[in-house]
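**Student:** take a look and give me a structure for this.
(2 chains)
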Amino acid sequence: MSSLEHTPPASLRQRLALKGLDGVTLLVVPAALFTLAIFVYPFLYGLLLSFEPKEGGIFANYQHFFSDPFLYNTIATTLWLAVPVTIISLILALPIAFRVRLMTRQRLLTTILVLPVTLGTVLVAEGLLNYLGPQGWFSRTLMLFGIIDSPVKLTNNYWGVFASLIITGFPFTFLLTLSYVSGIDPALEQAAAVHGARAWQRFRHVFLPLLIPGLAIAFLLSFVQAFAVFPSAILLGAPAGPTRVISIAAYQAAFEQYDYSMASAIAMIMAAVQLVIVVAILFVRNLFYRGSTAGGKG
Amino acid sequence: MIRDTTIGAKLWITAIWVVVGFFVLNLVAMIATVILSSFGTRWLGTWVPAGLTTRWYFSAWSEFQLYDVLVVTFQIAFTVVALSGLLGVTAAYALARRDFPGKKLVMLLFLLPLLVPPITFGIPLATVLYQAGVGGTFWGVVLANLVPTVPFVILVMIPFIEQIDPKIEAAARVFGANTFKLFLHVLLPMLVPGILAALLLVLVRTVGMFELTFLTAGPTSQTLVVALYYSVFASGVRAVQSIDAMAVIYMITTLVWLLIALRFVNPTQIVARAKQQPAST
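**Tutor:** Sure, this is the predicted structure:
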């Protein structure tokens, strides 16, 4: 770099190129403009629109939302689904990922688990309506073993949505966790074992500190997915009552009452709740160790 | 490898496999119910249907106008694939090769559509698209689906491009290739596996993308998954087996592409797309 200081003043083009701005950099412009136009702009437009209610002052939509229990209760309803599902998925995913990491042929299992993620919530809801329904195999099997006397009601209520969120959410969390767990150098565990650490001690003092940042991200992504539950809450749940989640409220405002201003306000509240959880988790994450998960000297 | 041989450890391992087995069993049984029901004649109060038939596929095909729906689905999916490939690969190239001021901001711009769930940004997006007059049309659905797929292609392609030695490009430049020729004759052939994997995953995601398509589709721009939703939503109007037959057709259209994609990528990559994020924050 120092030799450049002695050369005659560079042209604007050269100076820009030194900063990394040249023809190649411009290739990023179309995609960036597109994302600005079709993602950022609608979001900002929605934010402004939410302050222009059909009637009342600029905060009328938000006042309406937080004064009507039929609306503000959707936040609690959604959290009551999303938080347990995310925690259960993560608690199950972690030990399983630890076993699967040792397998040499994990491909079959990961392929099976990626199926529900790929098939999507609508198909899972459709399948579970059959499978968990009063005549479905699930109740039948439980009755066969004498665990229950009459079919359990698992559809059109909380548990139907819960089951569908676990079916699509657990594989998502698991595959994410697996990618973090596999990223930790096995030599670290061997070193701990050589020094006499038992399985629990190796997990608690070697793996867990290294995994916290990854687990935080896995928790966030899984939570955000579960919080946005929509089709299965309608198809498998009781969309008028116990599983009236916030996305249903937003959808109804937009496409049943044609109040786009209110719908935008609900979408913004939805984003805000997600943001609050994300920031809280990231804050907690920053209290823990952050650094390399690779072994070796240094 | 470390072997735990205590009884506690063995019990623990067994418990883990029981949980995995239980999950996979339920998953497989759920899919099997749909497939079996779609071939069943009458299935009431028994373990298996009374008889087998294929007539539900014919009735589903005509009742739901599945031919038209499939044509629209693939027109939308392939348009999305082509456009997101074009926009995504070029942007990924710039991001992989250049360091410029504000690069982190640009990366954040591309990460956000993947992190924010579709239903959250879909409602304001649908509002804007309807006001612009493209809501409910073919192009409205394509535009909405491009929001997560363009960043997805970018994030998948950046590591692929980074692993190609820049000296190869320098050599091509020395021999007088301009950026376009460089792309076409040097980079593209080397990037084919990566591009193919990224685009196949985009195809799978677009065929399976419910929320964005649902919010922006009109009667003539419905994809298969939205049509499936409406038929389940109005179940009782049509025979259950007919809806199941449609669900099986949907599964096949998705899984064919998934199986092809899995030849090029690891299943964890389908989910761990935001893995870049921890490194950048």
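**Student:** please enumerate the helices of chain A.
**Tutor:** Shown for chain A, the helices assigned by DSSP state H span residues A:12-18, A:28-35, A:41-49, A:60-67, A:69-100, A:107-131, A:137-144, A:158-181, A:186-194, A:199-202, A:208-227, A:231-235, A:246-255, A:260-286.
**Student:** export those helices as CSV, with columns for distance to chain B, mean neighbour count and mean pLDDT.
**Tutor:** For glycine as for every other residue, the C-beta is placed from the backbone atoms N, C-alpha and C. Listed next are those as CSV, based on distance: least, C-beta to the nearest C-beta, whole Å; neighbours: other C-beta atoms under 10 Å in any protein chain shown; pLDDT from 0 to 100:
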stretch, distance to chain B, mean neighbour count, mean pLDDT
helix A:12-18, 9, 12, 78
helix A:28-35, 4, 19, 94
helix A:41-49, 3, 18, 93
helix A:60-67, 13, 17, 92
helix A:69-100, 5, 19, 92
helix A:107-131, 4, 23, 88
helix A:137-144, 5, 16, 88
helix A:158-181, 4, 25, 91
helix A:186-194, 5, 15, 87
helix A:199-202, 5, 15, 85
helix A:208-227, 6, 22, 89
helix A:231-235, 5, 26, 91
helix A:246-255, 5, 23, 92
helix A:260-286, 4, 19, 91
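**Student:** can you lay out those helices as JSON lines showing distance to B:A234?
**Tutor:** Formatted as JSON lines, the helices of chain A follow (distance: least, C-beta to C-beta, whole Å):
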{"stretch": "helix A:12-18", "distance to B:A234": "59"}
{"stretch": "helix A:28-35", "distance to B:A234": "36"}
{"stretch": "helix A:41-49", "distance to B:A234": "30"}
{"stretch": "helix A:60-67", "distance to B:A234": "30"}
{"stretch": "helix A:69-100", "distance to B:A234": "24"}
{"stretch": "helix A:107-131", "distance to B:A234": "13"}
{"stretch": "helix A:137-144", "distance to B:A234": "24"}
{"stretch": "helix A:158-181", "distance to B:A234": "18"}
{"stretch": "helix A:186-194", "distance to B:A234": "53"}
{"stretch": "helix A:199-202", "distance to B:A234": "53"}
{"stretch": "helix A:208-227", "distance to B:A234": "26"}
{"stretch": "helix A:231-235", "distance to B:A234": "11"}
{"stretch": "helix A:246-255", "distance to B:A234": "16"}
{"stretch": "helix A:260-286", "distance to B:A234": "23"}
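**Student:** quick one: which of those helices is nearest B:I168?
**Tutor:** Closest to B:I168 of these is helix A:12-18 (C-beta to C-beta; 20.1 Å).
**Student:** any idea how far the closest one is from the middle of the chain?
**Tutor:** Averaged C-alpha coordinates place helix A:12-18 at 42 Å from its chain's average position (C-alpha atoms, centre = their mean, to the nearest Å).
**Student:** check stretch B:145-161 too.
**Tutor:** With C-alpha atoms, centre = their mean, you get 12 Å for stretch B:145-161.
**Student:** try stretch B:254-264
**Tutor:** Going by C-alpha atoms, centre = their mean, where stretch B:254-264 is centred and where its chain is centred differ by 10 Å.
**Student:** buried residues in it?
**Tutor:** For stretch B:254-264, the buried set under the neighbour-count rule, 16 or more other C-beta atoms under 10 Å in any protein chain shown, comprises B:254, B:257-258, B:261-262.
**Student:** closest to B:V226 out of the residues you listed?
**Tutor:** B:T254 (13.7 Å).
**Student:** test my guess that B:Q241 contacts B:G40.
**Tutor:** Yes - B:Q241 sits in contact with B:G40 when judged by C-beta atoms under 8 Å, with a separation of 6.1 Å.
**Student:** with neighbour numbers in mind, choose between those two.
**Tutor:** B:Q241 (24 against 21; other C-beta atoms under 10 Å in any protein chain shown).
**Student:** relative to B:Q65, how far out is that one?
**Tutor:** According to C-beta to C-beta, to the nearest Å, B:Q241 stands 18 Å off from B:Q65.
**Student:** and if you look at A:P42?
**Tutor:** A:P42 is 31 Å from B:Q65, by C-beta to C-beta.
**Student:** A:M262 too?
**Tutor:** 34 Å.
**Student:** what of A:V117?
**Tutor:** In terms of C-beta to C-beta, A:V117 sits 28 Å off from B:Q65.
**Student:** how about A:I248?
**Tutor:** 28 Å.
**Student:** okay, now the domains of the chain?
**Tutor:** You didn't pick a chain, so chain A it is. A:1-50, A:70-295 (automatic domain parsing).
**Student:** let me rephrase: I mean chain B.
**Tutor:** According to automatic domain parsing, the ranges for chain B are B:7-53, B:60-280.
**Student:** and of the ones you listed, who's closest to chain A?
**Tutor:** domain B:60-280 (2.7 Å; C-beta to the nearest C-beta).
**Student:** tell me the average confidence for the closest one?
**Tutor:** Mean per-residue pLDDT for domain B:60-280: 87.
**Student:** next one: that domain to chain centre, how far?
**Tutor:** That offset, for domain B:60-280, works out to 6 Å (C-alpha atoms, centre = their mean).
**Student:** what sits against the closest residue to chain B within the stretch 151-298 of chain A?
**Tutor:** At 3.2 Å from chain B, A:A228 is the closest residue in the stretch 151-298 of chain A, using C-beta to the nearest C-beta. With contact taken as C-beta atoms under 8 Å, 6 or more residues apart in numbering or on different chains, A:A228 is in contact with A:247, A:270, B:117-120, B:211.
**Student:** wait, which of the residues you listed is closest to A:P213?
**Tutor:** The closest of the contacts of A:A228, once distances to A:P213 are taken by C-beta to C-beta, is B:P117, at 22.0 Å.
**Student:** tell me how many other residues crowd A:A10.
**Tutor:** 12.
**Student:** looking at it, it is touching A:L18, isn't it?
**Tutor:** Yes - applying C-beta under 8 Å, one finds A:A10 in contact with A:L18, separated by 7.4 Å.
**Student:** A:F255 and A:F288, how far apart?
**Tutor:** 43 Å.
**Student:** and B:T127, by the same measure?
**Tutor:** For B:T127, the distance to A:F288 - C-beta to C-beta - is 40 Å.
**Student:** neighbour count winner among the two?
**Tutor:** A side-by-side neighbour count of B:T127 and A:F288, using other C-beta under 10 Å, places B:T127 first with 22 against 14.
**Student:** you'd agree that one is up against A:L48?
**Tutor:** No - the pair B:T127 and A:L48 fails to qualify as a contact (C-beta under 8 Å) at a distance of 11.2 Å.
**Student:** strands along chain B, start to end?
**Tutor:** Here chain B has no strands by DSSP state E.
**Student:** dead centre of it: give me the residue that sits there.
**Tutor:** B:R205 (1.3 Å; C-alpha atoms, centre = their mean).
**Student:** hmm, that residue is touching B:V147, no?
**Tutor:** No - if you go by C-beta under 8 Å, B:R205 and B:V147 don't touch, sitting 11.5 Å apart.
**Student:** test my guess that B:T73 contacts B:Y250.
**Tutor:** No - using C-beta under 8 Å, B:T73 is not in contact with B:Y250, being 9.1 Å away.
**Student:** okay, these two: which has more neighbours?
**Tutor:** B:Y250 (27 against 24).
**Student:** among the helices of chain A, which comes closest to B:R97?
**Tutor:** helix A:28-35 (10.2 Å).
**Student:** so what touches the closest one?
**Tutor:** So helix A:28-35 is contacted by B:87-88, B:90-91, B:94-95, B:106, B:109-110, B:113, B:146-147, B:150-151, B:154 (C-beta under 8 Å, 6+ apart).
**Student:** who wins on neighbours among those residues?
**Tutor:** B:I154 leads the contacts of helix A:28-35 on contacts (other C-beta under 10 Å) with 31 neighbours.
**Student:** A:P116 contacts A:T173, correct?
**Tutor:** No - look at A:P116 against A:T173 with C-beta under 8 Å: they stay out of range, at 11.9 Å.
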